[in-house]
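Participant: coords below, sequence missing:
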Ligand SMILES: Nc1ncnc2c1ncn2[C@@H]1O[C@H](COP(=O)(O)OP(=O)(O)OP(=O)(O)O)[C@@H](O)[C@H]1O
């Protein structure tokens with residue numbers, strides 16, 4: 001047998017509230033694409049961080065190309081040829097793409113050379129990116145592209161990808177899989193974490209399943225079905241969604257010829273965007289990230305108040321100049337795409353994170369009602385099945401999917417009348433995704449108007465009543481979900497849609 005590229009034996013890692021990894025062993029052969037599958041909080045990211053040297057195990061050994069190694073930090077891991085694309089991005093906002101990539105590379109290289117190699121890798125793999133753009137101007141999808149390119153530039157022997165496709169379009173996923181298969185055929189081993197079972201079945205030839213920090217199964221996913229993988233992971237299959245007929249009521253959100261110049265040089269101009277969302281319906285906005293979603297969401301949430309008042313109308317009232325707090329008071333609740341930072345304060349406990357969007361948590365005289373907050377946090381933790389060390393666990397101590405469940409849960413639990421959510425099931429496991437989608441539909445059935453902005457077409461087709469597509473800052477007409485097809489929406493995503501009243505195809509130019 002060939003020497004495994006990576007071998008883990010009896011790895012254990014304890015945190016104060018939980019044993020994240022318990023006696024884990026696994027082997028990855030050279031050129032193998034090996035999936036690590038498990039529900040939110042199962043211990044996948046912790047295990048990957050141990051392999052990458054950013055977390056130290058309490059027990060167990062790591063062997064790389066037959067040599068026992070004790071990795072003290074990621075620099076040592078990188079020197080061995082281990083590269084990692086994190087679930088939470090590790091980019092510096094104020095630096096450009098090229099400067100960020102340069103930080104992780106040999107400093108003898110000139111910045112201009114780094115920029116050239118980024119462009120070369122980007123076009124080789126179809127991951128379009130401009131190296132001179134500052135990272136704070138990128139959408140989440142674009143940041144992920146940078147992370148992937150940065151990893152590829154180190155020519156890794158073992159590449160770890162933690163949910164790399166959560167914000168990629170279907171076309172970009174196909175390209176990424178091409179890249180990964182090519183890398184594997186050249187001998188690079190890949191550890192692949194994803195909650196998307198069909199991806200794992202398509203890409204990976206080995207799979208280790210974790211549950212509660214322990215290995216509960218090893219299989220070849222190509223011999224499995226989504227259902228059998230789901231059972232290995234969570235013990236059952238998620239129930240199908242209940243779709244009731246739509247009864248759309250009064251207009252809750254009307255966006256009226258919203259035109260906004262980009263705030264920074266690399267942003268997107270919003271160009272005459274008009275649509276409405278009625279009580280009791282779910283409207284989905286599809287699109288490749290970086291086409292104005294971020295700008296639109298800022299204008300809808302009140303983080304950007306430059307719009308004319310009447311361009312954003314909430315329950316018939318001009319709201320374009322209102323701040324988030326005033327919009328919340330009208331019943332609008334909002335989940336941003338970045339969980340840490342905008343959605344939650346990483347160092348604060350879950351209970352105190354309620355303060356971000358709940359004014360009633362502060363009592364008379366400005367005292368924070370800690371007891372009430374904790375009680376409330378417990379309700380959300382229970383309802384959304386969030387795995388956390390209690391209501392005072394720091395947001396950053398939660399696994400990615402559990403924090404997502406908590407933030408989405410916090411806003412759904414506020415009983416919004418208008419709910420705007422970006423990427424609602426980013427990084428959550430199949431069971432939790434079904435739970436969140438079910439809760440969104442329950443909100444709609446209770447008369448809430450829901451706007452979902454997502455890059456996951458499957459998700460949009462699953463929960464929306466009507467769909468729009470955003471491309472280059474413009475919005476397509478609305479189409480009923482029942483009348484929409486994936487190829488058509490895919491075509492619209494590149495900016496081509498029919499004009500409403502005549503059949504002339506319209507090409508959108510930047
Ligand atoms: N720095 C930390 N401090 C305390 N607890 C932690 C820390 N990091 C992880 N944990 C806990 O360890 C457990 C495993 O978390 P991990 O992030 O490895 O899960 P995961 O399988 O990657 O989940 P997800 O699919 O949601 O990303 C969780 O219960 C989490 O709360």
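Facilitator: Everything's here; your move. Since we're looking at a predicted model, the values are computed, not measured.
Participant: Check residue 95 and give its pLDDT.
Facilitator: On pLDDT, residue 95 comes in at 91.
Participant: quick one: it and the ligand, what's the gap?
Facilitator: In this view, residue 95 and the ligand are 25 Å apart by C-beta to the nearest ligand atom, to the nearest Å. In short, each C-beta sits where N, CA and C put it, glycine included.
Participant: residues near that residue, how many?
Facilitator: Close neighbours of residue 95, defined as other C-beta atoms under 10 Å, add up to 15.
Participant: wait, doesn't it sit right on residue 134?
Facilitator: Yes - under the criterion of C-beta atoms under 8 Å, residue 95 makes contact with residue 134 at 6.8 Å.
Participant: For my notes, confirm residue 355 occurs in a helix.
Facilitator: Yes - checked against DSSP: H, G, I helix; E, B strand; the rest coil, residue 355 lies within a helix.
Participant: Would you indicate which residues of stretch 149-164 are buried?
Facilitator: 149-154, 156-164 (16 or more other C-beta atoms under 10 Å).
Participant: Oh, that last question was meant for stretch 19-35, not what I typed.
Facilitator: Quick answer for stretch 19-35 (16+ other C-beta under 10 Å): 19-22, 24, 26-35.
Participant: try stretch 296-316
Facilitator: Buried positions in stretch 296-316, judged by neighbour count with 16+ other C-beta under 10 Å: 296-302, 304-305, 307, 311-315.
Participant: From the residues you listed, which land in helices?
Facilitator: 296-301 (DSSP state H).
Participant: can you list those residues in a markdown table and add distance to the ligand and pLDDT?
Facilitator: What follows is those, written out as a markdown table (distance: C-beta to the nearest ligand atom, whole Å; pLDDT from 0 to 100):
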| residue | distance to the ligand | pLDDT |
| --- | --- | --- |
| 296 | 28 | 96 |
| 297 | 23 | 95 |
| 298 | 27 | 94 |
| 299 | 30 | 96 |
| 300 | 27 | 97 |
| 301 | 25 | 94 |
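Participant: biggest separation within those residues, which pair?
Facilitator: Farthest-apart pair in these is 296 and 301; separation 9.7 Å (C-beta to C-beta).
Participant: So for stretch 312-329, what gets flagged as buried?
Facilitator: 312-315, 318-320, 322, 324, 327-328.
Participant: who in this protein is up against the ligand?
Facilitator: Residues of the chain found near the ligand (C-beta under 6 Å from any ligand atom) are 15, 18, 20, 38, 40-46, 387, 397-402, 427.
Participant: residue contacts, residue 306?
Facilitator: By C-beta atoms under 8 Å, 6 or more residues apart in numbering, the contact set of residue 306 is 260, 263, 299.
Participant: which among the residues you listed gets closest to residue 450?
Facilitator: Using C-beta to C-beta, these come closest to residue 450 at residue 299, 17.8 Å.
Participant: Do I have it right that that closest one meets residue 314?
Facilitator: No - Residue 299 lies out of contact with residue 314 (C-beta under 8 Å); the separation is 11.9 Å.
Participant: and the residue lying closest to residue 376 once chain neighbours are set aside, what pLDDT?
Facilitator: Leaving aside its chain neighbours, residue 376 sits nearest to residue 354 (5.9 Å; criterion: C-beta to C-beta, 6 or more residues apart in numbering). We note a pLDDT of 83 for residue 354 in this prediction.
Participant: I'd like to know how many residues surround residue 354.
Facilitator: Residue 354: 24 neighbours (other C-beta under 10 Å).
Participant: so it makes contact with residue 374?
Facilitator: No - look at residue 354 against residue 374 with C-beta under 8 Å: they stay out of range, at 9.3 Å.
Participant: got a list of what the residue nearest to residue 309 when sequence neighbours are not counted touches?
Facilitator: Of all residues not flanking residue 309 in the chain, residue 318 sits nearest, at 3.5 Å (C-beta to C-beta, 6+ apart). By C-beta under 8 Å, 6+ apart, the contact set of residue 318 is 309-310, 312.
Participant: returning to what we had before: what is the nearest of the buried residues of stretch 19-35 to residue 343?
Facilitator: Closest approach between the buried residues of stretch 19-35 and residue 343, by C-beta to C-beta: residue 20, at 22.6 Å.
Participant: Can you classify the closest one by secondary structure?
Facilitator: Applying three-state DSSP to residue 20 yields a three-state assignment of strand.
Participant: just residue 452 next, same as before
Facilitator: With three-state DSSP as the basis, residue 452 sits in strand.
Participant: Just the element for residue 124, please.
Facilitator: Residue 124 belongs to helix 111-125 when assigned by DSSP states H and E.
Participant: tell me what that helix is packed against?
Facilitator: Contacts defined by 3 or more C-beta pairs under 8 Å, 6 or more residues apart in numbering; DSSP states H and E place helix 111-125 against helix 97-103, helix 140-152, helix 170-185.
Participant: hmm, which two among the buried residues of stretch 149-164 are most spread apart?
Facilitator: Among the buried residues of stretch 149-164, the pair separated by the greatest distance (C-beta to C-beta) is 157 and 163, at 21.5 Å.
Participant: so where's the stretch 301-450 of the chain shaky on pLDDT?
Facilitator: For the stretch 301-450 of the chain, applying pLDDT under 70 flags the ranges 339-341, 359-368.
Participant: can you rerun that using 80?
Facilitator: When residues are selected by pLDDT under 80, those of the stretch 301-450 of the chain lie in 337-343, 355-370.
Participant: okay, now the domains of this structure?
Facilitator: Domain assignment for the chain by automatic domain parsing gives 6-234, 241-331+416-510, 342-415.
Participant: end-to-end on the shortest one?
Facilitator: Across its full length, domain 342-415 reaches 20 Å between end residues, using C-alpha to C-alpha, to the nearest Å.
Participant: again, but for the first one
Facilitator: As for domain 6-234, its first-to-last residue distance stands at 26 Å under the measure C-alpha to C-alpha.
Participant: residues touching residue 177, list them.
Facilitator: So residue 177 contacts 199, 202-203 (C-beta under 8 Å, 6+ apart).
Participant: From the ligand, how far off is it?
Facilitator: Distance from residue 177 to the ligand, by C-beta to the nearest ligand atom: 21 Å.
Participant: For the residue lying closest to residue 60 once chain neighbours are set aside, give its distance to residue 217.
Facilitator: Take residue 60 and drop its neighbours on the chain: the residue closest to it by C-beta to C-beta, 6+ apart is residue 11, 3.6 Å away. Residue 11 sits 17 Å away from residue 217, going by C-beta to C-beta, to the nearest Å.
Participant: the more surrounded of these two?
Facilitator: Comparing residue 11 with residue 217 by other C-beta under 10 Å, the one with more neighbours is residue 11, at 25 against 17.
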